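Chemist: pasting the sequence and the predicted model now:
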Amino acid sequence: MKVESRHGNEPDLVALVTAQQAELRAAEQASGAIDGSFPLHDDIRYLVIVVDDEVVACGALQAIDAQAVEIKRMYVRPDRRGDGFGRLMLAVLEERAAADGFTIARLETGSYMPAALGLYRKAGYRTIPTYGEYVTNPYSRCFEKPLKAPARA
């Protein structure tokens, strides 16, 4: 297993993000929370987890300001869920953000995503008011966690 940086236009990452977007739309529609907007951003840095030459999970970081970073595009392939890749991807993103000098991680998920809500709460995120592009979405649930500075070698 390895963690790699990826550009947003690489086919294996595009496939995961496309699957994530489709799954979000389906979950949103099933819950009655029809908003349908999951904007993609160009100023985002993607990381993937690769197992046996296959990308199984992705996530991304996008700076909010000099202290805060947003964790975005968390996704694990359905056939690899339950293997701990969601927790691992979140931890890797937090470590990378802290190494880049960020002190706060924020993220957003939908109220109709119970697995994501549980993952973030178990990882120590606390609920905060909606922010940025999520303020007008009544189904958005936003979270925040202080990041620990990386250990000095």
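Modeler: Arrived safely.
Chemist: how about the strands of the protein, start to end?
Modeler: Listed in chain order, the strands found in the chain under DSSP state E are 2-6, 45-51, 54-63, 68-76, 104-110, 126-128, 140-146.
Chemist: name the residues of the longest helix along the chain that are buried.
Modeler: For the chain, the helix with the greatest residue count under DSSP state H is helix 11-31. Across helix 11-31, burial judged by 16 or more other Cβ atoms under 10 Å covers 13, 16-17, 20, 24, 27-28. Backbone N, C-alpha and C define where each C-beta goes, glycine included.
Chemist: I'd like those as JSON lines, with distance to Tyr125 and pLDDT appended.
Modeler: Compiled in JSON lines, those are given as follows (distance: Cβ to Cβ, whole Å; pLDDT from 0 to 100):
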{"residue": "Leu13", "distance to Tyr125": "24", "pLDDT": "86"}
{"residue": "Leu16", "distance to Tyr125": "22", "pLDDT": "88"}
{"residue": "Val17", "distance to Tyr125": "22", "pLDDT": "85"}
{"residue": "Gln20", "distance to Tyr125": "19", "pLDDT": "86"}
{"residue": "Leu24", "distance to Tyr125": "19", "pLDDT": "79"}
{"residue": "Ala27", "distance to Tyr125": "20", "pLDDT": "75"}
{"residue": "Glu28", "distance to Tyr125": "21", "pLDDT": "72"}
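Chemist: include distance to Pro78 when you put those into a markdown table, please.
Modeler: Below are the buried residues of helix 11-31 laid out as a markdown table (distance: Cβ to Cβ, whole Å):
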| residue | distance to Pro78 |
| --- | --- |
| Leu13 | 17 |
| Leu16 | 11 |
| Val17 | 14 |
| Gln20 | 11 |
| Leu24 | 13 |
| Ala27 | 12 |
| Glu28 | 17 |
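Chemist: may I ask which two of those residues are separated the most?
Modeler: Largest separation among these by Cβ to Cβ: Leu13 and Glu28, giving 22.2 Å.
Chemist: before we move on, the earlier item: now find how far off-centre the longest helix of the chain is within its chain.
Modeler: How far helix 11-31 lies from its chain's middle: 13 Å, per Cα atoms, centre = their mean, to the nearest Å.
Chemist: what's it packed up against?
Modeler: Packing partners of helix 11-31 (3 or more Cβ pairs under 8 Å, 6 or more residues apart in numbering; DSSP states H and E): strand 45-51, strand 54-63, strand 68-76, strand 104-110.
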